[in-house]
Every structure is written in C-alpha cells, then in structure tokens.
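Asker: A structural model of the following input is requested.
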Amino acid sequence: MSDKKLKIDIISDVVCPWCVIGVKHLKDAVVRNNWQDKIAIEWYPFELNPDMPAEGENLRDHIARKYGASVEESEQNRQRLIQYGKAVDFEFNFSEESRIYNTRQCHVLLDYAYELGLQTQLKIAFFTAYFSEGKNISDTEVLLEIGESVGLNADEMLAYLNDASEHDKIDVIENQWHEMGISGVPTMVFNNEEGLTGAQSVEDYEKMLRSFLEE
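Answerer: Next up is the predicted model:
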C-alpha cells in the first residue's frame, strides 16, 4: 500500500456498549502490528434512540421495552459486558438507576471535534463519562465539561450546539447510512470498500487491516 493512510469510518452511538468493545479490539489489532501511523479514523453518527427525551429512560426499562428482555436476561448481558470490559481495560458500571439518554448533542460535538483532530479523544471521553461514570450525556453542562477536558473551547461548542444547520447535518448523515442498509452499530467501513458490523475479535480486525495494509 502507498503512504496514503487507510481510512476507517466508524458508525457508532455513544450509548452502544459494543461500540466500546469493537473500537478497543480494533485498537489492539493496530497496536499489535505497529500500524498506528497507517490508519485514519473518523466517527460517524448513528442514533439508536433519536426520539429519546432529554431526561432519558431507565436503562433496564428501556431494554425490556425495546428488546423484550427479562430482568434475568438484562442482568446476564450486563455481567457479560462487565467481563468484556475488563478484558479491554474499560470499566462498565451498571446499577438500578442507570439510564439511557438522547445522544444528538454528543454527535454534534463529535463533528466539531473532528475538525480539530480531537474526535477520537472526545468519543472515548463520552464512552467513559456514560458507561464508567454514569453521567447524563444529554446535559449540555456535562458535555461542555467533557469537551473542555479533551481541549475543546466551551464557547465554540455552544455555538455548534445552537446551530440548527449542524443538527441538520447529523440528520443527513444518518439518513445516508440508513439508505445504505446499515442498521446496527458499530459498523466499520474500510477505505469505502469493505465493512464489518458488530464488535469483532482482535483477530478479525487484524485480518481486515492486513488485507489493506500489506497488499
């Protein structure tokens, strides 16, 4: 492959735990082979619950309503995620008070952060704030605090959040993914040519990366 970097588009939502596992496995595959300087990642929005109100919904109630999961199934899934998280050095914390939130503002800020080269840092910070710290990621003040922690300017973030055209942009991008038949996250698209959906193993990501980087 030439000196041009391999573009990896990651379609994801901030409240998707499997997106955390997927990107951690991708990172492991990259680091294992010293490919850090050979890839370029861009995160794209995919709201799993675009109609979620700002105050959110109890997570267990949400899972039961949306997927029909019983309390036992929900608990089993939580324990499985906790173990997966430990394996990739990420802390999932769940409680009876855990909530799921609207993520529109997160996606607007991630679009802004991309222009400044801070998008991945902000995405990981959002994952940590939501899954590890239980923060309300639909709360503007919380988001500004998280953004400032990775180097973003509060006034500029507010300007983006208050710009209707930025929200329209998220709608356009999400509609494009739906029209392409993408219905699950994470979905990773490599060089606009091949895609992987779901949290794949380190080995599967490694195989895909090698097919592009060592051809």
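
Asker: So which residues of this structure form helices?
Answerer: Ranges of helices in the chain, per DSSP state H, are 17-32, 59-67, 71-87, 104-115, 119-127, 140-149, 154-161, 164-179, 202-213.

Asker: Would you format those helices as JSON lines with mean neighbour count, mean pLDDT and distance to Tyr44 included?
Answerer: For every residue, glycine as well, the C-beta is placed using N, CA and C. Listed next are those as JSON lines, based on neighbours: other C-beta atoms under 10 Å; pLDDT from 0 to 100; distance: least, C-beta to C-beta, whole Å:
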{"stretch": "helix 17-32", "mean neighbour count": "21", "mean pLDDT": "98", "distance to Tyr44": "11"}
{"stretch": "helix 59-67", "mean neighbour count": "15", "mean pLDDT": "95", "distance to Tyr44": "22"}
{"stretch": "helix 71-87", "mean neighbour count": "14", "mean pLDDT": "96", "distance to Tyr44": "23"}
{"stretch": "helix 104-115", "mean neighbour count": "21", "mean pLDDT": "98", "distance to Tyr44": "9"}
{"stretch": "helix 119-127", "mean neighbour count": "21", "mean pLDDT": "98", "distance to Tyr44": "10"}
{"stretch": "helix 140-149", "mean neighbour count": "17", "mean pLDDT": "98", "distance to Tyr44": "19"}
{"stretch": "helix 154-161", "mean neighbour count": "15", "mean pLDDT": "98", "distance to Tyr44": "16"}
{"stretch": "helix 164-179", "mean neighbour count": "13", "mean pLDDT": "96", "distance to Tyr44": "6"}
{"stretch": "helix 202-213", "mean neighbour count": "17", "mean pLDDT": "97", "distance to Tyr44": "18"}
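
Asker: Can you check which of the ones you listed gets nearest to Leu6?
Answerer: helix 202-213 (5.0 Å; C-beta to C-beta).

Asker: Which strands or helices does the closest one pack on?
Answerer: Judged by 3 or more C-beta pairs under 8 Å, 6 or more residues apart in numbering; DSSP states H and E, the packing partners of helix 202-213 are strand 6-12, helix 17-32, strand 187-190, strand 194-197.

Asker: quick one: buried residues of the last one?
Answerer: By neighbour count with 16 or more other C-beta atoms under 10 Å, strand 194-197 contains the buried residues Leu196.

Asker: Please work out how many residues are found near Phe190.
Answerer: Residues contacting Phe190 under the criterion other C-beta atoms under 10 Å number 19.

Asker: want to try TSV for the helices and strands packed on helix 202-213, with distance to Arg210 as columns?
Answerer: Converted to TSV, those look like this (distance: least, C-beta to C-beta, whole Å):
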stretch	distance to Arg210
strand 6-12	11
helix 17-32	9
strand 187-190	11
strand 194-197	12
